[in-house]
Structures are given as C-alpha cells and as structure tokens.
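Q: I'd like to go over a predicted model; first the sequence, then the structure.
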Amino acid sequence: MRTLLADDNGEIRAALRLLLEELATGDVAEAADLSQAAAALAVNPPDVVLLDWELPDGGYWGTAGERAPAAGGTADAGPVAGGAAGSAAAGVTGAGPAGRPADGTRAGAEASWEAHAACRRFVLHAKTSFPGCRVIAMSGRPEARQEALRAGCDAFVGRNDPPDSLLALLEGEGQG
C-alpha cells in the first residue's frame, strides 16, 4: 500500500511514518502543504492519503474557480469545486453559491468553510484523478468531521482518537 502523509507538522508526520513503517504497509511519502501533496499525487499516486484538514495550500491551489492540477501535475484539469457542480462531484449536497453550505450557517462556520476551500479542492482532485485513492482527513477539531466527509473524504480521524481507529481505517475495517 502506498500512503501519502500530508501534514504541516513534522512531528506528526514522523510519528505516522514510524507507525506505518512498523506495520510494513509499503511506501510512505510526505508533504508539508497541499502543493507538495498534489505533486506527490502526480509522481506516485498513493492508495491512501492521510490529509491534515487544516493543511496550508502552499500557494498551489489559488482561489475558487482556478484550475486544479491534472494527473500529470499541470494546471489543466478544468474547473474545480467553485460551484454547485463541483461540490456535487465532491459529494457535497445542498451547496449554495461557490460551493458553500446552503443551510444558513453562522459566520464562524462560513469562515471555516472558506478556510478549507483548498483542502476541498485537493480532495476533489484526488478522488476524480485517482478513483482508487482513499482520503482520510485528520484534525484536532472534531467539528471538522462533517465538513471533511461532505467534501468527499472517505473517513475522518480526530487527533485525539486512539491509534487503533486509524489502523482500522488503513486496513479497510473501520468507519470514520
């Protein structure tokens, strides 16, 4: 199994790498931002991406409506999740303008939605360009679970969840 660890915290990446290496899960690549993660996807598509839901974009993804990288790593993949169609493709239902929730959320939730736009576009790119790739979102904020799953992540793991829950997800036995 090929795994991509996408987290800006080097200590977390090191701990996850150690765990994966002890389990002999196969190749492990690392990325400290979404720009590096997208490049790693293009070079050697992983079976699983462990994605920090607060991962900085590294300047690669730009603003909504710009193009995501194609499978070859260039910027010609077409429009990204900048509207209801992109949101639907990412598994987001009930999306309003620019892929935002249409359920009248509060300002804080709206700010969170905007802050994670790059992560949502990354998930859309990974899932459409590499259909067999599973994306597991990770966050220290349990309230991010719903947003990550709506964006198309296959599962969600909280930073305070026991390691066994992540291991079960990696082995395809758990639900996130």
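A: Noted; the coordinates are in hand. Numbering: from 1, shown residues only.
Q: So what does Ala144 have for phi and psi?
A: Taking degrees, to the nearest 10, you get phi -80, psi -10 for the backbone angles of Ala144.
Q: State the pLDDT value of the residue lying closest to Ser139 once chain neighbours are set aside.
A: Nearest residue to Ser139, sequence neighbours excluded (Cβ to Cβ, 6 or more residues apart in numbering): Trp53, at 4.1 Å. Where C-beta positions appear, they are placed from N, C-alpha and C, glycine not excepted. According to the prediction, Trp53 has pLDDT 94.
Q: mind checking how far Trp53 is from Arg141?
A: Look at Trp53 and Arg141: by Cβ to Cβ, to the nearest Å, they are 8 Å apart.
Q: Between these two, point out the one with more neighbours.
A: The residue with more neighbours, out of Trp53 and Arg141, is Trp53; 25 against 13, by other Cβ atoms under 10 Å.
Q: The more buried one: what's it in contact with?
A: 116, 119, 137-139, 141, 144, 147-148, 156 (Cβ atoms under 8 Å, 6 or more residues apart in numbering).
Q: let's see it at 10 Å
A: Contact analysis of Trp53 by Cβ atoms under 10 Å, 6 or more residues apart in numbering lists 6-7, 112, 115-116, 119-120, 123, 137-141, 144-145, 147-148, 151, 153, 156-157.
Q: Just give me the neighbour total for the closest residue to Cys133 other than its chain neighbours.
A: Excluding its sequence neighbours, the residue lying closest to Cys133 (Cβ to Cβ, 6+ apart) is Ala126, at 5.2 Å. A count of nearby residues for Ala126, using other Cβ under 10 Å, gives 25.
Q: which helices and strands does the one helix or strand Ala126 maps to pack with?
A: Using DSSP states H and E, Ala126 maps to helix 117-129. Contact here means 3 or more Cβ pairs under 10 Å, 6 or more residues apart in numbering; DSSP states H and E; on that basis helix 117-129 packs against strand 3-6, helix 34-43, strand 48-52, helix 84-89, strand 134-139, helix 145-150.
Q: Could you export these as a markdown table, including distance to Leu166?
A: Output for the helices and strands packed on helix 117-129, formatted as a markdown table (distance: least, Cβ to Cβ, whole Å):
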| stretch | distance to Leu166 |
| --- | --- |
| strand 3-6 | 11 |
| helix 34-43 | 18 |
| strand 48-52 | 8 |
| helix 84-89 | 27 |
| strand 134-139 | 8 |
| helix 145-150 | 14 |
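Q: Where among the ones you listed is average confidence lowest?
A: Across the helices and strands packed on helix 117-129, helix 84-89 gives the lowest mean pLDDT, at a mean of 35.
Q: returning to what we had before: pretty sure the residue nearest to Cys133 is in contact with Ala137, am I right?
A: No - applying Cβ atoms under 10 Å, one finds Ala126 not in contact with Ala137, separated by 11.4 Å.
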